[in-house]
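1. prediction below, plus the sequence it came from.
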Protein chains: 2
Amino acid sequence: MWPDTRLCRMLDISHPVIQAPMAGTTTPALAATVSEAGGLGSHGCATLGPGTLRDDIKQLARRTARPVNLNFFCHDERAIDPAHHRRLLDALAPHYAAAGIAPPTGMPEPPFPAFGPAQLEVLLAQPPAVASFHFGLPEAAALAALKAAGCRILASATTVAEARWLADRGADAIIAQGWESGGHRGVFLDVAQDARIGLFALLPQIVDAVEQPVIAAGGIADGRGIAAAFALGAAGVQIGTAFITADEAGPKPLHAEAVRHGADASTRISRAVSGRPARAHRTAWLDDMTQVEPAPFPLMYHYVAPLLAADPETYRFALYGQAAALAPGGTAAERLARLVSDAERVFSGQSHAPG
Amino acid sequence: MWPDTRLCRMLDISHPVIQAPMAGTTTPALAATVSEAGGLGSHGCATLGPGTLRDDIKQLARRTARPVNLNFFCHDERAIDPAHHRRLLDALAPHYAAAGIAPPTGMPEPPFPAFGPAQLEVLLAQPPAVASFHFGLPEAAALAALKAAGCRILASATTVAEARWLADRGADAIIAQGWESGGHRGVFLDVAQDARIGLFALLPQIVDAVEQPVIAAGGIADGRGIAAAFALGAAGVQIGTAFITADEAGPKPLHAEAVRHGADASTRISRAVSGRPARAHRTAWLDDMTQVEPAPFPLMYHYVAPLLAADPETYRFALYGQAAALAPGGTAAERLARLVSDAERVFSGQSHAPG
């Protein structure tokens, strides 16, 4: 049924549908279920320490022999200068008071590192079929080692320039991440000048710019979106929001609730919680925080994590995309089957309005 | 070839491709050419006085007997308070000095009115086949008069809520305007809280919400985009940027140059020139102006028009969308023919990569 099977052949999957890695929400059970059902399951590993990463890889191996994708972050690690630190504590002081908590103490330490030697060692001991990266790519030697170990490499681009950068450095396929996408924007070449390109415009321009297969991400949560992505030249799709409330995923309760009621206009891009732009459930607090310059990613969590813990509703950081309302229900396997069968109906013209 | 012909039948056109009305850029020659070629040509009439409007309608009638669309603005007309006026003159003082001009004098007068009795009278004397509206709809009596005169009514929505609002008030078809779109965003229910929804997410959610045919707009400039829009449930497309540099259009030279070199990341949304959010060629000046609260639309032109006249490059306001790079070349008729034939190739599967 698929008009383009390059990705299926490259990744050894039946359906070119990738369940997106969503750090903190995906589980080995979710990823394995999607892979067993013929898609590519992904596990968001960016925030896991080496021990948990090793355990999750073992769990995945017990659950499926099919290809699975492990995802990591390649952000620049930056410190915060003391003056900015003090300004942030001042700006957030009314919020700490309102939540009835003390401000965090000490200068921030990153809650997790960028992809580096520790994670590489774990991966090389038991290489996943696919590794994907957000915010750029690992350093050249690490990338070469992963490729030599047989990993296929995917990476996210939010502009044509980023797609070319990734292709030039050895990515096997490019994820074109549209503005619609939930979660962190992968923008990495010029974060301050995010071009905010919608998938309709971004996808075909990346397809025209690189030789590699292109995977469409952002705003796709049903079969119509999958078919549209292929019309625009995609060789596959990456879908996150449509899997958040699947039985096998592990969203926090307020996150699942937000996604279940998610509508076209219920999200916004914000840097308030992590320091990098991410699409999340719109709240009054996120709107207010546009006035505050956040700490470099991921140091901003240091300032906000205590608020999230003390008042999970007011300071909610529920990541999802603009097409939540389109998502199917049920288990992850049921959702994948529904996405595939609905796409097939659109491909064969059955779902169009009567001509 | 079209999988959905509702719009063709409703508007009596061969191809459900609408050349977008772009006030200041469209000409009677452009609109008539597109309509003669089987699409729906549009003329942006929002800024025309009644005399010019009457003349242009006559010109259109001489050039084609096919349906043509005339477009108008239905913005709320608001005054600026004197304190805001003074703040604007202060904020722009360095720019007036740099451009070597005196600041504008007096309180601003709107350079053009919202759609009202004067335009209605002209239209009822020679009703167009189609009238379209941006920023909402005319008052109920005016709309009823246009419909009684045989006009089909189109209107733009940037959210599901706006689509429902337009459908409930009698729009015959809804234009789903994605974030990618060049020119003014049609947002009208809550301009301050623009939800910025990409077409991939917006289009199917509007299709699901209203009974009327839905026209996809924003980020579409080639046959792939047209086919993708139909996969998402559209009954037609509206395409602007791909016609700006057609021989029959009338862009200013710097506008045409910007579109010719337009890339995925070369635009931004700005309120700096008109007062309402519009997608335009990104310039250093537009970036700076995010710090300034603009006057209500369209009074902001009062403050900026002298700068545009004195230094057209620095203060350039070149409206186009995120898919300029995909546009075909040639005359308007050649462009329409190319859009249609490329879409047909995608519909029939010929343009997909080898499976």
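-> Nice, I can see it. Owing to the predicted nature of the structure, the values given are computational and were not obtained by experimental measurement. Numbering: from 1, shown residues only, chains lettered A, B, ... in the order given.

2. pretty sure residue A:132 contacts residue A:154?
-> Yes: between residue A:132 and residue A:154 there is a contact under CB atoms under 8 Å: 3.9 Å. For every residue, glycine as well, the C-beta is placed using N, CA and C.

3. what's the overlap in contacts for these two?
-> A:69, A:175 (CB atoms under 8 Å, 6 or more residues apart in numbering or on different chains).

4. quick one, helices of chain A?
-> For chain A, the helices defined by DSSP state H occupy A:6-11, A:28-36, A:50-63, A:82-98, A:117-125, A:140-148, A:160-168, A:199-209, A:223-231, A:241-244, A:253-260, A:284-288, A:300-310, A:332-347.

5. can you put these in TSV and add mean neighbour count?
-> What follows is those, written out as TSV (neighbours: other CB atoms under 10 Å in any protein chain shown):
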stretch	mean neighbour count
helix A:6-11	20
helix A:28-36	25
helix A:50-63	16
helix A:82-98	14
helix A:117-125	17
helix A:140-148	15
helix A:160-168	20
helix A:199-209	29
helix A:223-231	29
helix A:241-244	29
helix A:253-260	18
helix A:284-288	15
helix A:300-310	19
helix A:332-347	20
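
6. so for residue A:132 and residue A:154, which residue has more residues nearby?
-> Neighbour totals were compared for residue A:132 and residue A:154, and residue A:154 leads with 30 against 27 (other CB atoms under 10 Å in any protein chain shown).

7. quick check: that one touching residue A:213?
-> No: applying CB under 8 Å, one finds residue A:154 not in contact with residue A:213, separated by 9.5 Å.

8. any residues in contact with both of those two?
-> Joint contacts of residue A:154 and residue A:213 (CB under 8 Å, 6+ apart) are A:172-174.

9. PyMOL command for the buried members of those?
-> Of the shared contacts of residue A:154 and residue A:213, the buried ones can be selected in PyMOL as follows, counting by 16 or more other CB atoms under 10 Å in any protein chain shown:
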select buried, chain A and resi 172+173+174
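
10. can you tell me which of the shared contacts of residue A:154 and residue A:213 are in strands?
-> The strands, defined by DSSP state E, take in A:173-174 from those.

11. same question for stretch A:184-204, mean pLDDT?
-> Computed over stretch A:184-204, the mean pLDDT rounds to 97.

12. and stretch A:259-273, by the same measure?
-> Stretch A:259-273 comes out at a mean pLDDT of 98.

13. span of it from start to end?
-> 18 Å (CA to CA, to the nearest Å).

14. residue contacts, residue A:31?
-> A:19, A:41-43, A:60, A:68-69.

15. for those, which one is nearest chain B?
-> The closest of those to chain B turns out to be residue A:19 (CB to the nearest CB; 18.0 Å).

16. distance of residue A:179 from chain B?
-> Distance, residue A:179 to chain B, using CB to the nearest CB, to the nearest Å: 5 Å.

17. same deal with residue A:291?
-> 12 Å.

18. give me the number of residues near that residue?
-> Residue A:291: 8 neighbours (other CB under 10 Å).

19. for the stretch 151-300 of chain A, what lies in contact range of chain B?
-> A:159-161, A:178-180, A:195-202, A:204-205, A:208, A:218-220, A:222, A:224-225, A:227-233, A:235, A:263-265, A:268 (CB under 8 Å from any CB of the partner chain).

20. rerun at 7 Å
-> A:159-160, A:178-180, A:195, A:197-202, A:204-205, A:218-220, A:222, A:224-225, A:227-228, A:231-233, A:235, A:263-265 (CB under 7 Å from any CB of the partner chain).

21. coming back round to it: and the contacts of residue A:31, which two are furthest apart?
-> A:19 and A:60 (12.9 Å; CB to CB).

22. can you redo the contacts of residue A:31 as JSON lines with pLDDT and distance to residue B:13?
-> Below are those laid out as JSON lines (pLDDT from 0 to 100; distance: CB to CB, whole Å):
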{"residue": "A:19", "pLDDT": "98", "distance to residue B:13": "41"}
{"residue": "A:41", "pLDDT": "98", "distance to residue B:13": "46"}
{"residue": "A:42", "pLDDT": "98", "distance to residue B:13": "44"}
{"residue": "A:43", "pLDDT": "98", "distance to residue B:13": "50"}
{"residue": "A:60", "pLDDT": "98", "distance to residue B:13": "54"}
{"residue": "A:68", "pLDDT": "98", "distance to residue B:13": "50"}
{"residue": "A:69", "pLDDT": "98", "distance to residue B:13": "46"}
